[in-house]
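**Q** here you go, sequence then predicted model.
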Amino acid sequence: MAAPLHSSLERRYARLGLLLIAPTVLIFCAVIVYPLVSAIYLSLFRVFTPTLESSWVGLSNYRELLASGLFWKALWNTLVWTAGTLTLQIVLGIGMALVLHQNIWFRSLARSLILFPYFISTVVAVLVWKWVFNDLYGILNHLLMQSGIISMPIDYLGSMPNAMISVILVGAWKYFPFVVIAVLARLQTIPEPLYEAARIDGAGPIARFFDVTLPQLRDVLVVIVMLRAIWDFKEFDLIWLLTGGGPSSSTETLPIVVYRQAFALNQMGMAAAWAVSMMAILLVFMIVYIRRTREKGPA
Amino acid sequence: MKNSLTFPNGLTRRNLLAGLAAGTVMSTLPRRAHAQDVTLRWWSPQGAPAQAEAYKFQIAAFEALNPGIKVVFETTSDEGYAPQLAAAFASGEVPDIVTHLPSFSVQTYYANGLVEPFDDVINAIGADDYYAGANDVFKTADGKYCGTGIGNTAANMLWLRRDLMEASGIAAAPATWDELRAACQTLQKDGVFGAPLPYGQNSMTSLIFIGFIHGAGGQVFTPDLQVAIDSEQTRNALEFYKSMRELCPPGATNYSWGESLTAFVSGATATGIYAGRVLANVVAQNPGIADHVTCTTYPTISADVAPWTFNDFPSVFIPAQSRNKDAAKAFAAFLFNPEGYIKQLHAAPGHVLPVLKSINENPAYQDNDIIRKYPAEVDLMSSAAAGGYNLGYESSAHASNERAGEVIASNAISDLVQRVVLNGDDVNAALGDCAKAIEAIMKA
């Protein structure tokens, strides 16, 4: 007699479980599944953005974009930007975290101020940097000319490779505090006896960094690199506002092309095809990221 | 035993959930509509502080006359309006009235059924009061008008510094490209550059370079709208434009309207290429050179080719999806009410020129410090703008080009300039690619 009661209770609990999880599933479907399926569906049509008038074209948008040199050029630009800015963010972030981990004066203040670039609005940051880079009134050209290093102003945003370098530098400046926060948090949990043992073994500061600190940071760095790679890969506003993708499409990354296709050329279907292709590339990052986090989880 | 979760204040979980559910449902219900209240959204890329003040005056006057109607002004930008409007049209959340967009953009929207016919507003303003042909550029294939001009603009005037010219022994304003280049070479010294021509990947570069194609005697489209940009004239224009690069500031590779204007007004360049806003900005921001500034039509390849003035025919139009068309039409007509219209024109004297004869003859319009200080320049811009064209209306022989807005927005022409001038790409290849890109837009 006990078994049916038990089974009835289990069924009720199962129903309750479904009921409780339903809102999450619904929200997930609404904000993830629906937009994803919509984007893929949209990419199979030719759509005029302002009127949303559409006609079925199947895979023609994908064939067209893969056949155009623009896709590969934009992908290359995106990879150069992502690799460049990410490397700088990691190097700067670890360096600054190590400094802020030391017993320095005004450490708390410095730890707060270092977050400033990350908190500031991208629009404001870009306006400031455009002013810094300005050829006629920018402080950078002014200082370089005053010190006699250059005789003519440098064109930072309108010529290559200066434009890509400038964008990468501004991106690194803007986002390295994220690395600082994450690395600093991990640094504070590394057991001190590990350093004491290294010192007893005769390890200097550099050896301690490579043999103790870096291995301890490894896990957090893997997560940071994955997250930042994904975020940098789809960065739009910073590059768009700094260079607009120029000069001559040299800093035109995939998100900029998506925007241009959708709202400048009014080809929403083609823009969706670009976005879906971008998502497929990002999926590679995601798979690596998920695998890595699974490895870290309990067996 | 039945377990019941009870909160400290005695509220049961059941009551709390019921309350939350009721609150959620209530929040999704539409609020009671106030039928008598109408809010008009007004978009314009012309939102300089002085202009915004004039708009405020016009809005306040209109609201006083029309209780229950509220007007909200929202600024867009010359580079940003196309994407913003595309998104607005797609979502249905459109502004009720849009001003100062180039005529060719309005034609594009009208051709796609996105713009309300404007004939009744033109009649309300007074069709006879317009200068002859002022609304031709807004005439559509179905014989209606898609908008009207809120002003005229001569956007590619050559601005000069008489003091610098005299100091360098240049007696007359350059009339041909060779003379302009020679003058800029002479004037480029002591930290001052020759010209602020735009080389950026943006609409200004495209629009200005179209003027150079016409200045070489060429055209982007034939009168029946076949792509004609791949021509000897365009090659000549590219060659000249490239030769001017060394006479422009290094950052001109990223210049748009604002940067080009500032370069001349600040005194960083000896010549300028812009509309009449130069006058107000020079007087306000760099009065030391205000007495030495003048303008002329932009030089051409030779005396045989007449100057081609780029007039974007700043417009007023009403999106077809507006939910307040009648109020928007009333407001559109009210914008031409002399008191407010003159205030608006005075906010950028010489920049936006009147389209109504009665306004130009109105003593109140002429009673402006800048218009009085620069009568020759304002007159020249008025006549140049009146005979001006743009990509949607390349000449009086051309059919209206409904895809001009997309051609500009695609950056195909500015990309051509960047490839040839900055990258040193082969002219034939770059021009061929540009022609193909424009053809694709025309066929899309």
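**A** Great, that's in hand.

**Q** stretch A:145-159 near chain B at all?
**A** Yes. Using Cβ under 8 Å from any Cβ of the partner chain, stretch A:145-159 reaches chain B at A:152, A:153, A:154, A:155, A:156, A:157, A:158, A:159. Every C-beta, even on glycine, is put in place using the N, C-alpha and C of the backbone.

**Q** now flag whichever of those residues is closest to chain B.
**A** The nearest member of the residues of stretch A:145-159 next to chain B to chain B, counting by Cβ to the nearest Cβ, is residue A:158 at 2.5 Å.

**Q** how about the residues of stretch A:145-159 next to chain B in a markdown table, adding distance to residue A:43 and neighbour count?
**A** Below are those laid out as a markdown table (distance: Cβ to Cβ, whole Å; neighbours: other Cβ atoms under 10 Å in any protein chain shown):
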| residue | distance to residue A:43 | neighbour count |
| --- | --- | --- |
| A:152 | 47 | 11 |
| A:153 | 44 | 22 |
| A:154 | 41 | 19 |
| A:155 | 38 | 23 |
| A:156 | 36 | 28 |
| A:157 | 32 | 27 |
| A:158 | 34 | 27 |
| A:159 | 35 | 21 |
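
**Q** how is chain A divided into domains?
**A** Domain segmentation of chain A under automatic domain parsing yields A:2-42, A:69-296.

**Q** can you tell me which of those domains is most buried?
**A** Among the domains of chain A, domain A:69-296 has the highest mean neighbour count (mean count of other Cβ atoms under 10 Å in any protein chain shown), at a mean of 17.

**Q** which stretches of the chain have low pLDDT?
**A** The chain I'm using is chain A. A:1-6, A:292-299 (pLDDT under 70).

**Q** look at chain B instead
**A** B:1-36.

**Q** up against chain A, what does it have?
**A** By Cβ under 8 Å from any Cβ, the residues of chain B that approach chain A are B:82-87, B:89-90, B:109, B:112-114, B:199-202, B:249-254, B:263, B:266, B:268, B:406, B:409-411, B:415, B:418-419, B:422-423, B:441, B:444.

**Q** next, count neighbours for the nearest residue to residue B:339 once chain neighbours are set aside.
**A** Spatially, and ignoring its direct neighbours in sequence, residue B:339 is nearest to residue B:61 (7.3 Å; Cβ to Cβ, 6 or more residues apart in numbering or on different chains). For residue B:61, the count of nearby residues is 15 (other Cβ atoms under 10 Å in any protein chain shown).

**Q** so residue B:61 makes contact with residue B:338?
**A** No. With contacts counted by Cβ atoms under 8 Å, residue B:61 stays clear of residue B:338, the gap being 11.4 Å.

**Q** the domains of chain A into TSV, with extra columns for distance to residue B:365?
**A** Below are the domains of chain A laid out as TSV (distance: least, Cβ to Cβ, whole Å):
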stretch	distance to residue B:365
domain A:2-42	51
domain A:69-296	35
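
**Q** got the contact list for whatever residue of chain B ends up closest to chain A?
**A** Closest to chain A within chain B is residue B:253: 2.5 Å, counting by Cβ to the nearest Cβ. By Cβ atoms under 8 Å, 6 or more residues apart in numbering or on different chains, the residues touching residue B:253 are A:155, A:157, A:158, A:159, A:246, A:247, B:199, B:200, B:418, B:422.

**Q** please, which helix or strand holds the fourth one?
**A** So that's residue A:159. Under DSSP states H and E, no helix or strand contains residue A:159.

**Q** how close does it get to residue B:345?
**A** Taking Cβ to Cβ, to the nearest Å as the measure, residue A:159 falls 40 Å from residue B:345.

**Q** list the helices and strands the top helix by length along chain A packs on?
**A** Counting by DSSP state H, the longest helix found in chain A is helix A:69-101. With contacts defined as 3 or more Cβ pairs under 8 Å, 6 or more residues apart in numbering or on different chains; DSSP states H and E, the packing partners of helix A:69-101 are helix A:107-113, helix A:162-187, helix A:214-233, helix A:254-259, helix A:268-296.

**Q** and the angle from it to helix A:268-296?
**A** Per axes from the mean of the first three to the mean of the last three Cα atoms, to 10 degrees, the angle that helix A:69-101 makes with helix A:268-296 is 40 degrees.

**Q** quick one: residue A:80 and residue A:165 touch, right?
**A** No. Residue A:80 lies out of contact with residue A:165 (Cβ under 8 Å); the separation is 10.2 Å.

**Q** strand partners (parallel or antiparallel) of the helix or strand hosting residue B:39?
**A** Per DSSP H and E, residue B:39 falls inside strand B:38-44. Strand pairing for strand B:38-44, determined by DSSP bridges: strand B:69-75 (parallel), strand B:97-99 (parallel).

**Q** which of the residues in the shortest one are buried?
**A** Going by neighbour count (16 or more other Cβ atoms under 10 Å in any protein chain shown), the buried part of strand B:97-99 is B:97, B:98, B:99.

**Q** gap between whichever helix or strand comes after the strand holding residue B:39 and the chain center?
**A** Next helix or strand after strand B:38-44 toward the C-terminus (DSSP H and E): helix B:49-65. A distance of 21 Å separates the C-alpha centroid of helix B:49-65 from that of its chain, computed with Cα atoms, centre = their mean, to the nearest Å.

**Q** and what of stretch B:131-149?
**A** 18 Å.

**Q** which residues in the stretch 201-350 of chain B form helices?
**A** B:203-215, B:232-243, B:257-265, B:277-285, B:325-334, B:338-347 (DSSP state H, counting those that start in this stretch).

**Q** ok, and which of these has the densest surroundings?
**A** Highest mean neighbour count among these (mean count of other Cβ under 10 Å): helix B:203-215, with a mean of 25.

**Q** which residues are in contact with the most centrally placed residue in chain A?
**A** For chain A, the residue nearest the mean C-alpha position is residue A:231 (1.9 Å; Cα atoms, centre = their mean). Residue A:231 makes contacts with residue A:175, as judged by Cβ under 8 Å, 6+ apart.

**Q** returning to what we had before: in ChimeraX, select just the buried ones from the residues of chain B next to chain A.
**A** Applying 16+ other Cβ under 10 Å to the residues of chain B next to chain A, the buried members can be selected in ChimeraX as follows:
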select /B:82,83,84,85,86,89,90,109,112,114,199,200,201,202,249,250,251,252,253,254,263,266,268,406,409,410,411,415,418,419,422,423,441
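
**Q** among the residues of chain B next to chain A, name the ones in strands.
**A** Among these, no residue falls in strands (DSSP state E).

**Q** picking that back up, just checking, which of the residues of stretch A:145-159 next to chain B belong to strands?
**A** Per DSSP E, the subset of these in strands is empty.

**Q** greatest separation within those: which pair is it?
**A** Greatest spacing in those, by Cβ to Cβ: A:152 and A:157 (15.7 Å).
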